[in-house]
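Student: Sharing a sequence plus its predicted fold:
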Amino acid sequence: MKITEETVDHIAHLARLEFTGDSKKAIMQDMENIIGFMDKLSEVDTEGVEPLIFMSDEINVLREDVAEVSVSQKEALKNAPKHDSDYFRIPKVLSK
C-alpha cells in the first residue's frame, strides 16, 4: 500500500497532529515501513495454527489478597518535611 500525503493529512487530523516539510516525509516513510512489515507477516504460513487467545495455559493463577502492614503511619510520617499528628501537610494548591 502506498501512503499518500492525503492519507497522512487525514490521519494527522484524526490524531490532532500536524506534520509539515521533512517531518511529513519522515512519517510517510515510517508508515510505509509499518505497512511493509505487516505485509511480511501475511506471508507467514499459519495453516493449522490455532489463534492465540491467552499467553499461557494457566487459569487464574493469582495470590491471595491478604492485607498486611508494610509501613506504619509513624514511619511514613517520619521523613515528611511537614506533618501534623496523623497527616502529611502540603502547600495550598487551589484558591477559591
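Tutor: Done, it's in. Numbering: from 1, shown residues only.
Student: from here on, contacts and neighbour counts on C-alpha atoms
Tutor: OK.
Student: Can you list the buried residues in the top helix by length along the chain?
Tutor: Counting residues, the longest helix found in the chain (DSSP state H) is helix 21-42. Residues of helix 21-42 classed as buried: Lys24, Ile27, Met28, Met31, Glu32 (neighbour count, 16 or more other C-alpha atoms under 10 Å).
Student: packing partners for that helix?
Tutor: Where contact means 3 or more C-alpha pairs under 8 Å, 6 or more residues apart in numbering; DSSP states H and E, helix 21-42 is packed against helix 5-14.
Student: what helices or strands is the helix it packs on leaning on?
Tutor: helix 21-42.
Student: what comes into contact with the helix it packs on?
Tutor: Met1, Lys2, Ile3, Thr4, Glu5, Val8 (C-alpha atoms under 8 Å, 6 or more residues apart in numbering).
Student: got the CA coordinates for stretch 17-25 in CSV?
Tutor: The C-alpha trace of stretch 17-25 is given here as CSV (Å, rounded to 0.1, in the frame of the first residue of the first chain):
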residue,chain,number,x,y,z
LEU,A,17,-1.3,16.3,14.9
GLU,A,18,0.3,18.4,12.4
PHE,A,19,3.2,17.4,10.0
THR,A,20,5.0,19.7,7.6
GLY,A,21,8.0,19.5,5.4
ASP,A,22,10.6,16.9,6.5
SER,A,23,8.5,15.6,9.3
LYS,A,24,5.7,14.8,6.9
LYS,A,25,8.1,12.9,4.6
